[in-house]
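Student: Sequence and predicted model, in that order:
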Amino acid sequence: WFLSTSLWSSYPAVSAARALYFILISLGCISAGFLWLRYSEKNIFDFLLPANLIVVLICLFSLLTNIPSDSWTGGHGKGFMGFFGHQNLLASVLIFTLPVVFVKIKDQSKKIKVFFFPLSARLAFGGILFSLNLLILIFTYSRAAILSLVFGTIVFLILNKNWKVLTYSFSIAAVLSIVIYLTPSLNKFADTVIKKDFPEFYSSRIWM
């Protein structure tokens with residue numbers, strides 16, 4: 001279906017290339033899910049936590065040193081991209097590697113030997129790492145990635161029937177939304193992330 005839409009597209013070659021890329025990512029995600037279910041006991045995804053940590057450290061280096069010089073102006077020029085060439089690429093790397101942070105730190109019952117520190121230290125490390133991931137993700141201004149994180153978290157909590165965490169999360173989100181709305185500087189920043197300097201959040205998609 002995705003590929004067939006190029007038949008009536010104003011730009012068939014562009015639509016076909018995007019469709020093939022979407023199909024590749026979709027098949028990759030489905031395959032990764034099957035591999036996780038089949039081989040999770042063997043910890044074949046142990047590399048994802050170091051990968052996420054390396055990406056975060058590289059991004060922090062770029063933020064602190066402004067290297068490369070086009071880390072904020074390259075790509076679509078609307079957010080931070082660091083060394084990744086495009087903001088959406090950096091955001092997708094963060095999204096694909098972020099979930100494993102919680103798996104590796106919290107789940108010790110399956111003998112995932114990544115940390116040999118007390119649970120409190122692991123949770124503190126996980127909280128800091130998650131906060132840095134979230135901060136960099138917001139800096140990318142990648143609305144699709146941010147929406148994916150929110151939607152994925154909600155679906156995960158619903159499927160696991162974790163109503164208490166879901167209730168607390170919505171309460172915290174409501175309070176943060178009020179604080180952002182009432183604080184002019186935060187309100188302006190949120191508006192920039194959502195609209196990307198366009199009149200409305202959908203303005204950049206009207207022409208396409």
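Tutor: The structure has been received and is ready for your questions.
Student: what packs against the helix or strand hosting residue 93?
Tutor: Assigning secondary structure by DSSP states H and E places residue 93 in helix 87-97. Helices and strands touching helix 87-97, by 3 or more CB pairs under 8 Å, 6 or more residues apart in numbering; DSSP states H and E, are helix 48-65, helix 119-139, helix 143-159. All C-beta spots, glycine's among them, are computed from the backbone N, C-alpha and C.
Student: Columns mean neighbour count and mean pLDDT on top of the ones you listed, output as CSV?
Tutor: Output for the helices and strands packed on helix 87-97, formatted as CSV (neighbours: other CB atoms under 10 Å; pLDDT from 0 to 100):
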stretch, mean neighbour count, mean pLDDT
helix 48-65, 16, 90
helix 119-139, 15, 84
helix 143-159, 14, 86
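Student: will you turn those helices into CSV that also has distance to residue 172?
Tutor: Formatted as CSV, the entries for the helices and strands packed on helix 87-97 read as follows, by distance: least, CB to CB, whole Å:
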stretch, distance to residue 172
helix 48-65, 23
helix 119-139, 13
helix 143-159, 12
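Student: Among those helices, which comes closest to residue 92?
Tutor: For the helices and strands packed on helix 87-97, distance to residue 92 was read as CB to CB. The smallest value, 6.3 Å, belongs to helix 143-159.
Student: next one: stretch 138-154 to chain centre, how far?
Tutor: With CA atoms, centre = their mean, to the nearest Å as the basis, stretch 138-154 stands 5 Å off its chain's centre.
Student: Ok, stretch 72-91 next?
Tutor: Using CA atoms, centre = their mean, the mean C-alpha position of stretch 72-91 is found 13 Å from that of the whole chain.
Student: Where does the closest residue to residue 130 other than its chain neighbours fall, secondary structure wise?
Tutor: Leaving aside its chain neighbours, residue 130 sits nearest to residue 101 (6.1 Å; criterion: CB to CB, 6 or more residues apart in numbering). In this assignment (DSSP H and E), residue 101 forms part of helix 99-106.
Student: Without its sequence neighbours, what residue ends up closest to the residue nearest the centre of the chain?
Tutor: In the chain, the C-alpha closest to the average C-alpha coordinate belongs to residue 95, at a distance of 3.0 Å (CA atoms, centre = their mean). Leaving out its chain neighbours, the residue that sits closest to residue 95 by CB to CB, 6+ apart is residue 145, at 5.1 Å.
Student: The one you found contacts residue 88, correct?
Tutor: Yes: the pair residue 145 / residue 88 is scored as a contact, 7.2 Å apart, by CB atoms under 8 Å.
Student: still on that earlier bit, touching, the residue nearest to residue 130 and residue 129? I think so.
Tutor: Yes: applying CB under 8 Å, one finds residue 101 in contact with residue 129, separated by 5.6 Å.
Student: what touches both of the two?
Tutor: Here residue 101 and residue 129 have residue 52 as joint contacts, going by CB atoms under 8 Å, 6 or more residues apart in numbering.
Student: Just the buried residues of stretch 74-90, please?
Tutor: For stretch 74-90, the neighbour count (16 or more other CB atoms under 10 Å) marks 74, 75, 78, 79, 80, 81, 82, 84, 87, 88, 90 as buried.
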